[in-house]
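In: Structure for this input, please:
(one chain, ligands or ions: 1)
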Amino acid sequence: MTQDELKALVGQAALAYVVPGSIVGVGTGSTVNCFIDALATMKDQIRGAVSSSVKSTERLLAHGIPVLEASEVESLPVYIDGADEIDPQGNMIKGGGAALTREKIVADLAERFICIADASKLVDVLGRFPLPVEVIPMAAAQVARRFAKAYGGQATVREGVLTDNGNLILDVRGLQIREPLAMEAEATLWPGVVTVGIFARHKAAVCLLGTPEGVRTLQF
Ligand SMILES: O=C(CO)[C@H](O)[C@H](O)COP(=O)(O)O
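Out: Residues are numbered from 1 along each chain as shown. This next block holds a predicted model:
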């Protein structure tokens, strides 16, 4: 099976977690695109979606799925999104698509985070994938120095990318994130950091992992 077929498989499998009559939290990325396309087949059974990016909003609307603002809802039963890495405890690195801030906001509204990913995303320790960090532009160099000093990470500004919020993304290489909750808590406090792409406070409740043998369900 190709990676695209694995993404389509988990995108389809995620429909089982959509609560009929509810509003669905929708993430961002190529795996989520497969989920959005699958969700369109049951659009009459949901009230709409809260989206984590302009790109996902456009895709949802193109399918005729109503999109609500996050500020219009108090809670969501599920948030369905991909990940760049997921560890055996359900902690994740996200932000490969630069949508991490809105993703964390919508994940925070949700009772459960359902992660959809192909099997290549499962790692023992987070950090092989460069950690995305959204920063206010004037703080980029300062935050980069702090990552080097505190964790030995090398941060570079992602070229040509501005987030939906008008900020920069730093990609931090050379990390071994053995204590994701602690690193997320500390780095989130550094002035100029908008969001760190570690999702440990908002880790996955379930991960639907696409494998050549089919969908493997991990519960955390
Ligand atoms: O965090 C994300 C976007 O900010 C994505 O969920 C992550 O990058 C995975 O994307 P894909 O499904 O394309 O591999």
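
In: any idea where the strands of the chain begin and end?
Out: Assigned by DSSP state E, the chain shows strands spanning 23-26, 48-51, 67-68, 76-81, 85-86, 92-93, 110-118, 131-135, 154-157, 168-173, 193-196, 198-199, 206-211, 214-219.

In: Can you check which of these gets nearest to residue 179?
Out: Closest approach to residue 179 among the strands of the chain (C-beta to C-beta): strand 198-199, 10.0 Å. No exception for glycine: its C-beta is placed from N, CA and C like everyone else's.

In: Could I get the average pLDDT for that closest one?
Out: The average pLDDT within strand 198-199 is 98.

In: Enumerate the residues of this protein near the ligand.
Out: For the chain, the residues in contact with the ligand (C-beta under 6 Å from any ligand atom) are 27-31, 81-84, 94-100, 103.

In: ok, back up a step: mind putting the strands of the chain in a markdown table, distance to residue 187 included?
Out: A markdown table is the format used below for the strands of the chain (distance: least, C-beta to C-beta, whole Å):
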| stretch | distance to residue 187 |
| --- | --- |
| strand 23-26 | 24 |
| strand 48-51 | 26 |
| strand 67-68 | 31 |
| strand 76-81 | 21 |
| strand 85-86 | 16 |
| strand 92-93 | 13 |
| strand 110-118 | 20 |
| strand 131-135 | 7 |
| strand 154-157 | 11 |
| strand 168-173 | 9 |
| strand 193-196 | 5 |
| strand 198-199 | 8 |
| strand 206-211 | 24 |
| strand 214-219 | 26 |
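
In: Include distance to residue 185 and mean neighbour count when you put those into TSV, please.
Out: As requested, those are exported to TSV (distance: least, C-beta to C-beta, whole Å; neighbours: other C-beta atoms under 10 Å):
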stretch	distance to residue 185	mean neighbour count
strand 23-26	23	27
strand 48-51	25	24
strand 67-68	30	15
strand 76-81	21	25
strand 85-86	19	24
strand 92-93	15	29
strand 110-118	18	23
strand 131-135	14	27
strand 154-157	18	16
strand 168-173	16	22
strand 193-196	9	24
strand 198-199	9	30
strand 206-211	22	22
strand 214-219	24	13
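
In: check contacts around residue 102.
Out: Taking C-beta atoms under 8 Å, 6 or more residues apart in numbering, we find residue 102 in contact with 28, 51, 52, 53, 70, 164, 165.

In: Let's see that with 10 Å instead.
Out: Each residue near residue 102 by C-beta atoms under 10 Å, 6 or more residues apart in numbering is listed here: 27-28, 50-54, 56-57, 70, 134, 163-165, 195.

In: Check residue 44 too.
Out: Contacts here follow C-beta under 10 Å, 6+ apart; on that basis residue 44 touches 20, 64.
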